[in-house]
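Chemist: The sequence and its predicted three-dimensional model are supplied below.
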Amino acid sequence: MVREDLEAFAAELFDGFFRADQRRWGQAYRRGLLLEGRRKSVEPMAAHLGEDGNRQALAHFITSSPWDPSHVRARLAWRMQDVIGAEALIIDDTGFLKDGDASACVSRQYTGTAGKVTKCQVGVSLHLARDHASAAVNWRLFVPASWDPASPEADSDKVARRGRCGIPAQAGHVEKWQLALDMIDETRSWGIDIPLVVADAGYGDAGAFRHGLEERKLPYAVGISSRHTAHPAGSRPVQPVYSGTGRPPKVQYPEPAQTMKNLVIAAGRVAARPVSWREGSRPGKSRSGFNACTRGSSPCACAQPDAVSARPLTGRSCPSGG
């Protein structure tokens, strides 16, 4: 019964393929990903697939067969939206740890998977989610600057491997926050409604990412580091007195902005609101204390050691840093 359901699901995903062989090997590859075994490269998958274990055909489907992955992603997004009824869109990235250098875009870089800088690939992903389920429906492989021939940080050895790895000539280094905005735009173009964008400080710390969400008029709640600055809720910019000579002074706040950490400390424990934010691996729910402050009409929830910048349906983002 499970296999029949999976085959029906795969048939729906690959229905847009014009060629029967592409639909067949697409379904075989999907089964290979779900079978036992830690390594998901073509050769070990083929060994587990029985009559569909044609290594050459699987390799051709993945590396050379001309099909557009965006069509598959769109069908997946439509199906998951119907099943999940997403209340939020989550941006995240995952590190794929590597020992060798044969895979595309492997570089020494930070990944939360290992909690340190190590040799890995990094994939940026977009998930449809609500409280009971989530599904990745769009993703990009991050190209480090060392793999981009147009970058000042290009590594000649890595650039030389681009052809062997099948990296298109037009694929260059793009910041992760920009990849996230590109995926949001593509997902919206499929007719997927995005009620709320959620991301951690890896994206929230990028002011350009927050501004991009503002420009798209998308509500969001993103993490920001406690080192970012903002003004207290009661602060208002003022117009300094003009002396009559030179350029008139710009509107400015009378006091310098404070770090989010200092704002939280100043608000005190009495201002914290306990929030149960996930089911942990241990019994019970994880809880954090959040302090809510406002700047203009926009709320900003602040926590230690990180803060959360939240944009409502109207208004501007609270943090000024980044």
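Modeler: Arrived safely, thanks for sending. Model, not experiment: these values are computed from the prediction.
Chemist: and the gap between the closest residue in space to residue 159 that isn't next to it in sequence and residue 40?
Modeler: Leaving aside its chain neighbours, residue 159 sits nearest to residue 149 (4.8 Å; criterion: Cβ to Cβ, 6 or more residues apart in numbering). Glycine gets a C-beta too; all of them are placed from N, C-alpha and C. Distance, residue 149 to residue 40, using Cβ to Cβ, to the nearest Å: 29 Å.
Chemist: And the helices in the protein?
Modeler: With DSSP state H as the criterion, the chain has helices at 2-13, 20-34, 42-48, 55-63, 69-84, 156-160, 162-165, 176-189, 201-204, 207-215, 260-267.
Chemist: Residue 47 - how many residues pack around it?
Modeler: 14 (other Cβ atoms under 10 Å).
Chemist: same thing with residue 106?
Modeler: By other Cβ under 10 Å, the burial measure for residue 106, its neighbour count, is 23.
Chemist: Equivalent analysis for residue 10, please.
Modeler: By the criterion of other Cβ under 10 Å, residue 10 has 17 neighbours.
Chemist: what pLDDT does the residue of the chain most remote from its centre get?
Modeler: The outermost residue of the chain, judged against the average C-alpha position, is residue 244 (50.2 Å), by Cα atoms, centre = their mean. Looking at residue 244, its pLDDT is 82.
Chemist: Check residue 290 too.
Modeler: 60.
Chemist: and if you look at the one 4 residues further on?
Modeler: At residue 294 the predicted local distance difference test score is 39.
Chemist: rewinding a little: so the residue nearest to residue 159 is in contact with residue 158, correct?
Modeler: No - taking contacts as Cβ atoms under 8 Å, residue 149 lies outside contact range of residue 158: 9.4 Å.
Chemist: the more surrounded of the two?
Modeler: Taking neighbours as other Cβ under 10 Å, residue 149 and residue 158 compare with residue 158 leading, 20 against 14.
Chemist: so that one makes contact with residue 148?
Modeler: No - judged on Cβ under 8 Å, residue 158 makes no contact with residue 148 at a distance of 9.0 Å.
Chemist: and residue 213, how many residues sit next to it?
Modeler: 26.
Chemist: wait, doesn't it sit right on residue 220?
Modeler: Yes - with contact defined as Cβ under 8 Å, residue 213 counts as touching residue 220 (4.8 Å).
Chemist: Residue 215 - how many residues pack around it?
Modeler: Counted with other Cβ under 10 Å, residue 215 comes out at 9.
Chemist: do the same with the one 5 residues further on
Modeler: Using other Cβ under 10 Å, residue 220 is surrounded by 26 other residues.
Chemist: now residue 211
Modeler: Neighbour tally, residue 211, other Cβ under 10 Å: 14.
Chemist: any idea how far it lies from residue 178?
Modeler: Taken as Cβ to Cβ, the span from residue 211 to residue 178 is 12 Å.
Chemist: so what's the closest residue to residue 79 other than its chain neighbours scoring on pLDDT?
Modeler: Leaving out its chain neighbours, the residue that sits closest to residue 79 by Cβ to Cβ, 6+ apart is residue 12, at 6.6 Å. On the pLDDT scale, residue 12 is placed at 79.
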